[in-house]
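Novice: The sequence isn't on hand, but the structure is:
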């Protein structure tokens, strides 16, 4: 996990500095800014895939690939716009072997897998009966266009048992919104699995969802066909950036795992809420300095040197770290 602190630890250490109603909102704003503001210790996680038939989709805990190793080869990762520039590759066949690079397809995919058969219906399989009766809202399109109901865009599915089959035909799933309670925290208590059921009754697992993931949004990459490794090393190994996930419960983990950095960031948010941005700036700087120092002290001490020959004499200079 690369974090040793939970909401309870932070509240015990610095909770007295903030109003009870402000504590979680300030903590979540601090986490969001810090997680997205750098590659700190604990923010980079390895994710592996055995193979690929065209695409890989990151689980909800991870926001982007920072580096990738495909069968011991490190290809470049291009943005989703690379296909549309004049010197770019254009449309790439996802069924062909890896084309020499990885294509970032962007964020916004609501499931790990796409619906494979147009006109499929959805099946929700709950993990625990306590979540029966929850209303989950889906967004998508079918043969007649975008789906609407009496509540406007999208359609509701109420879980009626551990397994719920909805009759709405869906060809493309574009969004999911989980139920929440009055303070915005998730109403679901346990994970659930979502399937698409084709007209011939073939069921395909689209994703397994978790309560904190109120509006799922996954990132997808086009890698081409990649066969499984034969030497026990993962075929596709990704170094990924951790995604910001809000905290709702006392036992939720807090990232980055530094109370001092979190404290400074929460105080900065507090100053911004009081329209005191001048005082917030040095507090943000303190938070980032703390995280930079932690990251620096966690790195190895190796310092490679290169030799060069100015004026006929051998000298050495150290690489810039």
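Specialist: Nice, thanks for sending it over. These figures come from a predicted structure and were not determined experimentally.

Novice: Which helix in the chain has the most residues?
Specialist: In terms of residue count, the longest helix belonging to the chain (DSSP state H) is helix 277-298.

Novice: Buried residues in that helix, which are they?
Specialist: Residues of helix 277-298 classed as buried under the neighbour-count rule (16 or more other C-beta atoms under 10 Å) are 280, 283-284, 286-288, 290-291, 294-295. Just so you know, the C-beta spots here come from the backbone N, C-alpha and C atoms, and that holds for glycine as well.

Novice: cool, and stretch 228-243?
Specialist: By neighbour count with 16+ other C-beta under 10 Å, stretch 228-243 contains the buried residues 229, 234-238, 240-243.

Novice: next one: stretch 66-86
Specialist: Those buried within stretch 66-86 under the rule 16+ other C-beta under 10 Å are 68-71, 77-78, 82.

Novice: just to revisit the earlier point, can you put the buried residues of stretch 228-243 in a markdown table and add pLDDT?
Specialist: Supplementary listing: the buried residues of stretch 228-243 in a markdown table, determined by pLDDT from 0 to 100:
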| residue | pLDDT |
| --- | --- |
| 229 | 85 |
| 234 | 87 |
| 235 | 91 |
| 236 | 93 |
| 237 | 94 |
| 238 | 94 |
| 240 | 93 |
| 241 | 92 |
| 242 | 91 |
| 243 | 91 |
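
Novice: Which ones among those lie within strands?
Specialist: Among those, the members falling in strands are 236-238, 240-242 (criterion: DSSP state E).

Novice: Strands along the stretch 1-150 of the chain, start to end?
Specialist: 44-49, 52-57, 62-70, 77-78, 102-109, 121-126, 135-142, 145-146, 148-149 (DSSP state E, counting those that start in this stretch).

Novice: Quick check, pLDDT for residue 230.
Specialist: The model reports residue 230 with a pLDDT of 82.

Novice: where's it relative to residue 50, distance?
Specialist: In this structure, residue 230 lies at 11 Å from residue 50, with C-beta to C-beta, to the nearest Å as the measure.

Novice: Ok, residue 240 next?
Specialist: Using C-beta to C-beta, residue 240 is found at 16 Å from residue 50.

Novice: Out of the strands of the stretch 1-150 of the chain, which one sits most buried?
Specialist: Sort the strands of the stretch 1-150 of the chain by mean neighbour count, taking mean count of other C-beta atoms under 10 Å, and strand 121-126 sits at the top with a mean of 20.

Novice: Need the residues that contact that strand.
Specialist: 132, 136, 138, 157, 159, 161-170, 173, 190, 192-197, 203 (C-beta atoms under 8 Å, 6 or more residues apart in numbering).

Novice: That strand to strand 135-142, inter-axis angle?
Specialist: Angle of strand 121-126 versus strand 135-142, following axes from the mean of the first three to the mean of the last three C-alpha atoms, to 10 degrees, is 160 degrees.

Novice: quick one: average pLDDT of strand 121-126?
Specialist: Confidence over strand 121-126, taken as the mean pLDDT, stands at 98.

Novice: Least confident secondary structure element in the chain?
Specialist: For the chain, the helix or strand with the lowest mean confidence is strand 315-318, at a mean of 52 (criterion: mean pLDDT, DSSP states H and E).

Novice: Provide the secondary structure category for residue 272.
Specialist: For residue 272, the secondary structure call by DSSP: H, G, I helix; E, B strand; the rest coil comes out as helix.

Novice: Just give the closest residue to it, not the sequence neighbours.
Specialist: In space, and not counting its chain neighbours, residue 272 is closest to residue 280: 4.9 Å by C-beta to C-beta, 6 or more residues apart in numbering.

Novice: how far away is the one you found from residue 16?
Specialist: Here the criterion is C-beta to C-beta. By it, residue 280 lies 20 Å from residue 16.

Novice: And for residue 68?
Specialist: For residue 68, the distance to residue 16 equals 45 Å [C-beta to C-beta].

Novice: Please apply the same query to residue 174.
Specialist: Looking at residue 174 against residue 16, where the rule is C-beta to C-beta, the gap reads 44 Å.

Novice: and if you look at residue 238?
Specialist: When C-beta to C-beta is applied, the distance between residue 238 and residue 16 equals 41 Å.

Novice: do the same with residue 207
Specialist: Residue 207 sits 40 Å away from residue 16, taking C-beta to C-beta as the criterion.
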